[in-house]
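**Student:** Output the structure for:
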Amino acid sequence: MKRPFSRAGGMLALALTGAACATALAVNPPNAFADSTPNHPDLETTATPTRVVPGDHVLLNTTACRRGGARADATAVDGGTFSMEPSLTSQIGYRKNVLSGRFRVSPDTEPGNYVIKVECDDGRRSERTLEVYATRDRHDG
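**Tutor:** Below is the predicted model:
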């Protein structure tokens with residue numbers, strides 16, 4: 001048997017739904033700085049190559065920064081910190097807002113996964129995981 005819609009019941013359901021949403025927002029408020037931290041940081045920063053052996057040179061590119069430059073932190077692989085500058089493709093207008101920088105993975109770096117971080121002048125942050133292998137054989141496999 002179908003029950004008729006009750007205006008009072010509908011209002012109660014609406015009030016309960018509104019209260020639940022208000023509680024959810026109070027417990028988990030929307031992030032006012034959501035744009036400053038990307039949802040998919042690995043999509044905005046690339047490393048070429050992403051799989052390396054100790055001693056390899058790496059090119060880091062990022063599109064995370066909306067304005068200004070950036071600093072990268074590759075100290076996890078003893079690659080130091082460095083400024084990222086507009087890439088050649090950005091300079092000739094092929095791809096806009098691409099910043100690039102290079103670093104060398106220390107010959108003493110142990111195999112494993114290392115996070116390379118980027119901090120933009122505009123406050124945005126991004127990162128890329130770099131895979132370090134002991135030998136070229138493991139790298140290619």
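**Student:** low-confidence ranges in this protein?
**Tutor:** Residues of the chain that meet the criterion pLDDT under 70 lie in 1-43, 89-96, 138-141.
**Student:** Show the residue spans covered by the helices in it.
**Tutor:** Using DSSP state H, the helices assigned to the chain run over residues 7-27, 41-44, 88-91, 136-140.
**Student:** How much space separates D78 from V53?
**Tutor:** 14 Å (CB to CB, to the nearest Å). Every residue, glycine included, has its C-beta placed from N, CA and C.
**Student:** who's more crowded, these two?
**Tutor:** Each of D78 and V53 has its neighbours counted (other CB atoms under 10 Å); V53 has more, 20 against 15.
**Student:** Tell me the spacing between that one and L130.
**Tutor:** 11 Å.
**Student:** what's the answer for D121, then?
**Tutor:** Taken as CB to CB, the span from D121 to L130 is 23 Å.
**Student:** pretty sure N113 contacts L130?
**Tutor:** Yes. N113 lies in contact with L130 (CB atoms under 8 Å); the separation is 7.2 Å.
**Student:** Which one of those two is surrounded by more residues?
**Tutor:** The residue with more neighbours, out of N113 and L130, is L130; 25 against 9, by other CB under 10 Å.
**Student:** wait, that one sits on T46?
**Tutor:** No. L130 lies out of contact with T46 (CB under 8 Å); the separation is 10.7 Å.
**Student:** Spatially, which residue comes closest to A47, not counting chain neighbours?
**Tutor:** Residue nearest to A47 in three dimensions, not counting chain neighbours: R128, with 4.8 Å by CB to CB, 6 or more residues apart in numbering.
**Student:** those strands in the protein, which residues are they?
**Tutor:** 45-48, 51-52, 57-62, 70-73, 81-86, 99-104, 112-120, 125-132 (DSSP state E).
**Student:** Give me the residues contacting the fifth one.
**Tutor:** To tie it back to what came earlier, the one meant is strand 81-86. 60, 62, 69-75, 98-103, 118 (CB atoms under 8 Å, 6 or more residues apart in numbering).
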